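Novice: What follows is a protein structure lacking sequence information:
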Ligand SMILES: [Zn+2]
């Protein structure tokens, strides 16, 4: 049996190593899109795990699977990494704990004060693209296991770490693919922690879902001076958009009791986000395409959302006499797990070693947690990691070193608790 303080001390001793590891990791530009340097990122992580005694496996996604999801970017290889370490004791029958995180980052863009891929440490913060979202999460789970082993905890059962790509573009060829291939399943996983940046002071229990799609109103071209010969697709779309406006009110009344943060996001929603039509000021347009972003609360399904859209299209068709077409871009089902599941309670207890209070949250967006909860059917799965949500995707992104250290301690202590190794 180990005292928590020994684990915390072992993390503190590693602070400089954690920061150094993170700097090297962030220096590998893994921007997605397009999916740059995944092989190099995967090798860096494979080496890091092999050095620590994990059995590692590189999981490259077959080209045809990549082309299915990302037809424009199938020339970039998609490479994920899985490492597993089993307990050494003869009676190593403890639980199987799985940490997962993504190592792709969103494009840095312009306007940074310094090179986003030459991370610097200043005023207790590490600056660089991916420091918060979410290379520090991967660093934390790796060093958490180092620390608890250094403190004398045998990883009874097993610890698996998966590091995946393409989360920023839907995760289908990252964690989605690993789940599909059985790397995360109820057979090999008792507890799963997705180490995305949600602040070291709280856990995240789930996320809303999303459905992105285009609707096109059809019409007939004509010269503007003989408009009666044509059928104006823009005006047909106007009818459809009016229906979407009313539908939005209905969705806002469809609320959830879950602690979605911010509270304004505790409902379903739809927004028109792009509009495209027309050729010239003197041509009646035969086509008008609007793009929509539909957000789903837990309890809704993507299929029910699709049906509602189809009904609105039918109504607009009947009212205008125009044809309407639907084209889907991407979807993610909502996901959530109970606040009182074991892994949630264990992490909450340990967070309270560092903070006076903590409240679980549910993410307003969607992330890779859904693959584990919905597709693999693992309810013992939370999101917990260092990094500040408001630092994700911004210019001059940073992570406070204190954040990483605290999250690493919580992960180490919680893992030891789940393994039944603490006093
Ligand atoms: Zn992320």
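Specialist: Thanks, I have the structure now. In this text, all values refer to a predicted model and were calculated from it rather than measured experimentally. Residues are numbered from 1 along each chain as shown.
Novice: who's in contact with the nearest residue to residue 363 once chain neighbours are set aside?
Specialist: In space, and not counting its chain neighbours, residue 363 is closest to residue 207: 3.8 Å by Cβ to Cβ, 6 or more residues apart in numbering. Just so you know, the C-beta spots here come from the backbone N, C-alpha and C atoms, and that holds for glycine as well. When contacts are counted by Cβ atoms under 8 Å, 6 or more residues apart in numbering, residue 207 touches 334-336, 362-367, 369-370.
Novice: just residue 231 next, same as before
Specialist: Contact analysis of residue 231 by Cβ under 8 Å, 6+ apart lists 219-220, 284, 286, 321-322.
Novice: Just checking the distance from the helix or strand bottoming out on mean pLDDT in the chain to the centre of its chain.
Specialist: Least confident helix or strand of the chain, by mean pLDDT, DSSP states H and E, is helix 63-69 with a mean of 91. How far helix 63-69 lies from its chain's middle: 20 Å, per Cα atoms, centre = their mean, to the nearest Å.
Novice: for it, which positions count as buried?
Specialist: Of the residues in helix 63-69, 65-66, 69 count as buried by neighbour count, 16 or more other Cβ atoms under 10 Å.
Novice: okay if I get those as TSV plus distance to the ion?
Specialist: Converted to TSV, these look like this (distance: Cβ to the ion, whole Å):
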residue	distance to the ion
65	22
66	20
69	18
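Novice: What parts of this structure come near the ion?
Specialist: Taking Cβ under 5 Å from the ion as the criterion, the chain approaches the ion at residues 133-134, 196.
Novice: List the ones among the contacts of residue 207 that fall in strands.
Specialist: Of the positions in the contacts of residue 207, 335-336, 362-363 sit in strands, assigned by DSSP state E.
Novice: Ranking by neighbours, what's the top pick from the residues you listed?
Specialist: Neighbour count (other Cβ atoms under 10 Å) singles out residue 335 as the most crowded of the ones in strands among the contacts of residue 207, with 25 neighbours.
Novice: Bridged to it, which residues?
Specialist: Beta-bridge partners recorded for residue 335 (DSSP bridges): residue 207.
Novice: how much space between the residue most central in space within the chain and residue 381?
Specialist: Note on the chain: the residue nearest the mean C-alpha position is residue 367, at 2.7 Å, using Cα atoms, centre = their mean. As for residue 367, its distance to residue 381 is 12 Å (criterion: Cβ to Cβ, to the nearest Å).
Novice: tell me, what's touching these two both at once?
Specialist: Residues touching both residue 367 and residue 381 (Cβ under 8 Å, 6+ apart) are residue 194.
Novice: for the stretch 201-350 of the chain, what spans make up the helices?
Specialist: Using DSSP state H, counting those that start in this stretch, the helices of the stretch 201-350 of the chain run over 233-252, 302-320, 342-351.
Novice: how close does the nearest residue to residue 104 once chain neighbours are set aside sit to the ion?
Specialist: Distance criterion Cβ to Cβ, 6+ apart; nearest residue to residue 104, sequence neighbours excluded, is residue 32 at 3.8 Å. The spacing between residue 32 and the ion, counted by Cβ to the ion, to the nearest Å, is 10 Å.
Novice: Could I get the pLDDT score of residue 32?
Specialist: At residue 32, the model reports a pLDDT of 95.
Novice: Show the pLDDT at the closest residue to residue 258 other than its chain neighbours.
Specialist: Computed as Cβ to Cβ, 6+ apart, the closest residue to residue 258 that is not its neighbour in sequence is residue 362, at 4.6 Å. Predicted confidence (pLDDT) for residue 362: 96.
Novice: what does residue 92 give?
Specialist: pLDDT for residue 92: 63.
Novice: Same check on residue 421?
Specialist: Note for residue 421: predicted pLDDT of 85.
Novice: Determine the three-state secondary structure at the residue nearest to it when sequence neighbours are not counted.
Specialist: Excluding its sequence neighbours, the residue lying closest to residue 421 (Cβ to Cβ, 6+ apart) is residue 153, at 4.4 Å. Of the three states, residue 153 takes coil under DSSP: H, G, I helix; E, B strand; the rest coil.
Novice: Contact partners for residue 153?
Specialist: By Cβ under 8 Å, 6+ apart, the residues touching residue 153 are 2, 7, 415-416, 419, 421.
Novice: switch the cut-off to 10 Å
Specialist: Counting by Cβ atoms under 10 Å, 6 or more residues apart in numbering, residue 153 makes contact with 1-2, 6-7, 10, 87, 145, 147, 412-413, 415-416, 419-422.
Novice: Make a ChimeraX selection of the buried ones in these.
Specialist: To isolate the buried ones among the contacts of residue 153 in ChimeraX, judged by 16+ other Cβ under 10 Å, type:
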select :2,6,7,10,87,145,147,412,413,415,416,419,421,422
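Novice: doesn't residue 299 make contact with residue 267?
Specialist: No: Residue 267 is beyond contact range of residue 299, at 11.3 Å (criterion: Cβ atoms under 10 Å).
Novice: Done for today, thanks.
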